[in-house]
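Student: the following comprises the amino acid sequence and a computationally predicted model.
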Amino acid sequence: MTSPLPGRGSQLDPAIKAALLGADSARRARIALAVARRASQLDDRLTGRSAGGVQEILAGRSDQHLRDQVARVTHDLDRRYLDVHDDRVGPESPDWEVPLRRARAAAVVYAASDPDSPVAATEATYEALYALDEGLQAVLAVVESAC
């Protein structure tokens, strides 16, 4: 019997769940990195020189120092998104979706760096559903290509 997916795995589309459940540890790591590479294309702060540890993680290297660097980038993009979309002080600001997608893209990269491949694949694909404009179709295509 296959164990359930960790974290928010129960919230994933059945096709993505099936792909992740059917994957071994190495394949799950490849899925997490493939989804992170696709999501990182959304913001030059995730691909440029100032991206901290993002490029290292996208190349398949990770340690706590790199994860901390990416966590800072993620936090910065989350803060920018919340500045644009702060419904506590009034109606939603226009154009809040772009900062949301960028923040979620950073979260994808951070999730992909988790040393536990089931967690990395599950959380990266979950976050990618909110990062990519094409949503489910884009994430499923990346997952299937990494399998």
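Tutor: Thanks, I have the structure now. Numbers count the residues shown, from 1 in each chain.

Student: ok, longest helix in this structure?
Tutor: Criterion DSSP state H: the longest helix present in the chain is helix 64-84.

Student: what helices or strands is the helix or strand just after that helix leaning on?
Tutor: Next along the chain after helix 64-84, taking DSSP states H and E as the criterion, comes helix 97-112. Counting contacts by 3 or more CB pairs under 8 Å, 6 or more residues apart in numbering; DSSP states H and E, helix 97-112 packs against helix 25-40, helix 54-58, helix 64-84, helix 117-131. (C-beta placed from N, C-alpha, C; glycine too.)

Student: now, of those, which is deepest in the fold?
Tutor: Per residue and on average, the most neighbours among the helices and strands packed on helix 97-112 fall to helix 117-131, with a mean of 25 (mean count of other CB atoms under 10 Å).

Student: pull the distance from that helix to the chain's centre.
Tutor: Using CA atoms, centre = their mean, to the nearest Å, the distance from the centre of helix 117-131 to the centre of the chain it belongs to is 5 Å.

Student: just the CA trace of that helix, in PDB.
Tutor: The C-alpha trace of helix 117-131 is given here as PDB (Å, rounded to 0.1, in the frame of the first residue of the first chain):
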ATOM      1  CA  SER A 117      11.700  14.400  -1.800                       C
ATOM      2  CA  PRO A 118       8.100  13.600  -1.000                       C
ATOM      3  CA  VAL A 119       7.700  16.900   0.700                       C
ATOM      4  CA  ALA A 120       9.600  18.700  -2.000                       C
ATOM      5  CA  ALA A 121       7.500  17.300  -4.800                       C
ATOM      6  CA  THR A 122       4.200  17.700  -3.000                       C
ATOM      7  CA  GLU A 123       4.700  21.300  -1.800                       C
ATOM      8  CA  ALA A 124       6.400  22.500  -5.000                       C
ATOM      9  CA  THR A 125       3.600  21.200  -7.200                       C
ATOM     10  CA  TYR A 126       1.000  22.600  -4.800                       C
ATOM     11  CA  GLU A 127       2.600  26.100  -4.900                       C
ATOM     12  CA  ALA A 128       3.100  25.900  -8.700                       C
ATOM     13  CA  LEU A 129      -0.700  25.600  -9.100                       C
ATOM     14  CA  TYR A 130      -0.900  29.200  -7.900                       C
ATOM     15  CA  ALA A 131       2.300  30.400  -9.500                       C
END
